[in-house]
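In: Fold the stuff below for me.
(chains A and B)
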Amino acid sequence: MVGRIKQFFIQIGELSYFAGRFFKEIFFPPFEFKELLRQCYQMGNRSLVLVGVTGFIIGLVMTLQSRPTLIQFGAVSWMPNMTGISIVREIGPVITALICAGRIASGIGAELGSMRVTEQIDAMEVSGTNPFKYLVVTRILATTLMLPLLVVFGDLVALYGSALVENLKGDVSFQLYFNTVFDALSFGDIVPATIKSFFFGFVIGLVGCYKGYYSKKGTAGVGVAANTAVVMASLLVFVVDFIAVFVSDIFYEL
Amino acid sequence: MINENTTYKNKKNPPKSDYTDARKTVICIRDVYKSFGDNHVLNGFDMKLHEGENLVVMGKSGSGKSVMIKCLVGLMSPDSGYIEVMGKEIATLDRQTLDELRSDIGFLFQGSALYDSMTVRENLEFPMRRHKEKLGVVQDTTPLVMEALENVGLAHTIDLMPAELSGGMKRRIALARTLILKPKIILYDEPTSGLDPITAKEIIELMRSIQKKYGTSSLIITHDVDCARVISERMILLVDGINYAEGSYAELSASTDPKVDAFFKK
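Out: Sure, this is the predicted structure:
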């Protein structure tokens, strides 16, 4: 038990050092723009369908499930307000981040892990390229920049799913639905959610890279790196979410 | 033939190599120690590689051969000892100087280490990104890539992915990648391991022809006696973390020392 606690704190320390190295390397040339764009495409564009489908289903299911209860209380007209605020503030960012933790963090962990065990990272180092800059900085930046965009996309699709149910079941037009949603949303709903999405992206990229970059024990280590990257990234998404809600509570009245 | 296994007591003033002498020493290792926990891999290892020489370092699996070669290029740091490559002490170099020095050292990794996500062309272009000035390349890198691929007889694979190549082809492409920066020293980490005897022979022939064509100094790490016999001018046996024996293949294979003899027994 003591050993596991010790190991936990060692990991936190190593992860902090890894994050520190990222901030140290990011401001100094050479800058790997081409690789950054490639990673943005890989992580952003390739996650669109997954995020879109999930968002659509979440919006659809959420509306279908809460509709009978709202009808019971005669509050069905509050449906756009309720779904809009809950999706934009919390469900959209967290669900999108969790999907990306599964898809992106595991992908990065496995990719960098296999590069480590097959000595590709060493080969980069020997050829005079800084592998941390080329592999780690670009990936963490790409996840940090792409996640907020994916969250916005996921939110819009989820709201569309919700509007579709309202349109079919409650004869609410799309225009009325979206007007009500945007009337209900305030600056204090959108800004904290967007800011925390950057942090979600950062921790997903950071954990994936950290686990993969220091992968050990051959091919078995690659599997472990991918697996632990998902677990740790998902956990950190909730920790960041808690901190973000706590901090935004200070600045905006919830 | 058995070395004295000199222990250098005064570690603060390590002996300098004779890099500026007529017969240049391009790599000089003195009294290097490296441990992983309780596992003492290198216990005061000494070695010199001369310009234009083919030196083979043989040792059992896990004897520290790969660790030693990684210490040479700064991929690992020794616990103590002195490592000098082309007149520069590795431990004292900053990142930029080390990268410049590395452009003069080719490294053929045991498993080829080709970048999976890149084509053969991109694999060969990758090391050139930071060294275009040295190579005199302004824009088009294709002639250099083609030349390196022609050297290993695989010009037709330029647009293939590593996954589409056989083990022997991967090793040859990796060799082409090490050649692209026109290194003065090539380090081979088990160049024939995992290959069938015919392909292994082809790789050895290729290594010899490259040495002849470019006059590079080669340090070959292997446990393949046939490879050592064909390619070595001089051999070092790495036993218990030290330079246990040194000499030509003929000299070492005739040794009656049981630890030396164990390497050559059929």
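In: List the contacts of the spatially most central residue of chain B.
Out: In chain B, the residue lying closest to the centroid (C-alpha atoms, centre = their mean) is B:Leu187, at 1.4 Å. When contacts are counted by C-beta atoms under 8 Å, 6 or more residues apart in numbering or on different chains, B:Leu187 touches B:Ile69, B:Leu72, B:Val73, B:Ile105, B:Gly106, B:Phe107, B:Leu108, B:Ser218, B:Leu219, B:Ile221. (C-beta placed from N, C-alpha, C; glycine too.)
In: In strands, which of those fall?
Out: Among these, the ones falling in strands (DSSP state E) are B:Ile105, B:Gly106, B:Phe107, B:Leu108, B:Ser218, B:Leu219, B:Ile221.
In: Residue 56 sits in which helix or strand?
Out: The chain I'm using is chain A. helix A:48-72 (DSSP states H and E).
In: other chain: chain B
Out: Judged by DSSP H and E, B:Val56 forms part of strand B:54-59.
In: what does that strand rub up against?
Out: By C-beta under 8 Å, 6+ apart, the list of residues contacting strand B:54-59 reads B:47, B:49, B:65, B:68-69, B:211, B:217-223, B:225, B:227-228, B:231-239, B:263.
In: how about the helices in chain B?
Out: Secondary structure of chain B (DSSP state H): helices at B:65-72, B:95-102, B:120-125, B:132-135, B:142-151, B:167-179, B:197-214, B:225-231, B:249-253, B:258-264.
In: Need the CA coordinates for the shortest one. CSV is fine.
Out: Once side chains and other backbone atoms are set aside, the C-alpha atoms of helix B:132-135 remain, and they are given as CSV (Å, rounded to 0.1, in the frame of the first residue of the first chain):
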residue,chain,number,x,y,z
LYS,B,132,21.0,20.6,-45.0
GLU,B,133,23.8,23.2,-44.8
LYS,B,134,26.3,20.5,-44.1
LEU,B,135,25.1,18.5,-47.1
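In: Can you name the residues of chain A that neighbour chain B?
Out: A:30, A:111, A:114-115, A:118-120, A:122-130 (C-beta under 8 Å from any C-beta of the partner chain).
In: Whichever of those residues end up buried, select them in ChimeraX.
Out: To isolate the buried members of the residues of chain A next to chain B in ChimeraX, using 16 or more other C-beta atoms under 10 Å in any protein chain shown:
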select /A:111,114,115,118,119,120,122,123,124,125,126,127,128,129,130
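In: Which one of the residues of chain A next to chain B is nearest to B:Thr256?
Out: B:Thr256 lies nearest to A:Glu119 out of the residues of chain A next to chain B, by C-beta to C-beta, at 38.1 Å.
In: Setting the sequence-adjacent residues aside, check what's closest to the closest one.
Out: B:Ala113 (4.2 Å; C-beta to C-beta, 6 or more residues apart in numbering or on different chains).
In: Chain A next: which of the contacts of strand B:54-59 are close?
Out: Among the contacts of strand B:54-59, proximity to chain A is found for none (C-beta under 8 Å from any C-beta).
In: any chance you could read off phi and psi for the residue nearest to A:Glu119?
Out: Dihedral angles of B:Ala113 (phi, psi; degrees, to the nearest 10) stand at phi 60, psi 40.
In: If I look at it, what pLDDT would I see?
Out: Looking at B:Ala113, its pLDDT reads 91.
In: who's in contact with it?
Out: Contact analysis of B:Ala113 by C-beta under 8 Å, 6+ apart lists A:Thr118, A:Glu119, A:Gln120, A:Asp122, A:Ala123, B:Ala174.
In: Show me which of those residues is closest to A:Ser248.
Out: A:Gln120 (41.6 Å).
In: Is the closest one in contact with B:Asp116, as I believe?
Out: Yes - A:Gln120 lies in contact with B:Asp116 (C-beta atoms under 8 Å); the separation is 7.2 Å.
In: C-terminal to the helix or strand encompassing A:Val151, what's the next element?
Out: Here A:Val151, judged by DSSP H and E, is contained in helix A:138-170. Sequence order places helix A:174-184 as the next helix or strand after helix A:138-170, per DSSP H and E.
In: Any buried residues in the following helix or strand past that next one, and which?
Out: Once helix A:174-184 ends, the next helix or strand along the chain (criterion: DSSP H and E) is helix A:187-213. By neighbour count on 16+ other C-beta under 10 Å, the buried set for helix A:187-213 is A:189, A:192-193, A:196-197, A:199-213.
In: And for stretch A:210-225?
Out: Buried, per 16+ other C-beta under 10 Å, within stretch A:210-225: A:Tyr210, A:Lys211, A:Gly212, A:Tyr213, A:Ser215, A:Gly221, A:Val222, A:Gly223, A:Val224, A:Ala225.
In: Contact partners for the last one?
Out: Which is A:Ala225. By C-beta under 8 Å, 6+ apart, the neighbours of A:Ala225 are A:Gly109, A:Ala110, A:Leu112, A:Gly113, A:Lys211, A:Gly212, A:Ser215.
In: A:Leu64 reaches A:Val165, doesn't it?
Out: Yes - counting by C-beta under 8 Å, A:Leu64 touches A:Val165, with 5.7 Å between them.
In: Looking at these two, which one has more neighbours?
Out: A direct count of neighbours by other C-beta atoms under 10 Å in any protein chain shown for A:Leu64 and A:Val165 places A:Val165 higher, at 20 against 13.
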